[in-house]
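Enquirer: My questions are about this predicted structure, shown below with the sequence.
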Amino acid sequence: MSAETRLREKLMVALEPTRLDIINESELHAGHRSSPNTGESHFRILIVSPMFTGVSRVGRHRMVTDAIADELKGSIHALALSTYAPGEAVG
């Protein structure tokens, strides 16, 4: 199972998002000094979840990283997060 699939499954279960975009940006970092060159090391995630309502940005990021903690211990080197509650402007 790919890292992207594992991320998607865990985030869907833990945060019940109404929108979840996961973009693998690993190819943009190929050859970088600290990149593991696995093809599954750099991800950008946009997630909209009702569970984020009333939660600070730091709290939202913690919720995401807690949900995917095992993946972050593995080959994922970088993660960019955009977290929104329903009704917030998605950038």
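Expert: Now that the structure is in, tell me what you want to look at. Residues are numbered from 1 along each chain as shown.
Enquirer: tell me the mean pLDDT over stretch 18-35?
Expert: Average pLDDT, stretch 18-35: 74.
Enquirer: How about stretch 43-58?
Expert: 98.
Enquirer: Could you work out the end-to-end span of that stretch for me?
Expert: Stretch 43-58 has an end-to-end distance of 18 Å (C-alpha to C-alpha, to the nearest Å).
Enquirer: which residues touch it?
Expert: Stretch 43-58 is contacted from outside by 3-4, 7, 11, 15-26, 60, 63-64, 76, 78-86, 88, 90, using C-beta atoms under 8 Å, 6 or more residues apart in numbering. The way it works is simple: take the backbone N, C-alpha and C, and place the C-beta from them, glycine included.
Enquirer: The residues you listed, buried ones only, as a ChimeraX selection?
Expert: In ChimeraX, a selection of the buried entries from these looks like this (16 or more other C-beta atoms under 10 Å):
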select :3,4,7,11,15,17,20,24,26,60,63,64,76,79,83,84
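Enquirer: In strands only, show me the contacts of stretch 43-58.
Expert: Of the positions in the contacts of stretch 43-58, 19-24, 78-84 sit in strands, assigned by DSSP state E.
Enquirer: and residue 45, how many neighbours does it have?
Expert: For residue 45, the count of nearby residues is 20 (other C-beta atoms under 10 Å).
Enquirer: Excluding chain neighbours, what is closest to residue 64?
Expert: In space, and not counting its chain neighbours, residue 64 is closest to residue 81: 5.8 Å by C-beta to C-beta, 6 or more residues apart in numbering.
Enquirer: Quick check, pLDDT for the one you found.
Expert: Listed pLDDT for residue 81 reads 98.
Enquirer: quick one: contacts for it?
Expert: Counted by C-beta under 8 Å, 6+ apart, residue 81 has contacts 45, 47, 60-61, 64.
Enquirer: hmm, 10 Å instead?
Expert: By C-beta atoms under 10 Å, 6 or more residues apart in numbering, residue 81 lies in contact with 43-47, 57, 60-61, 64-65.
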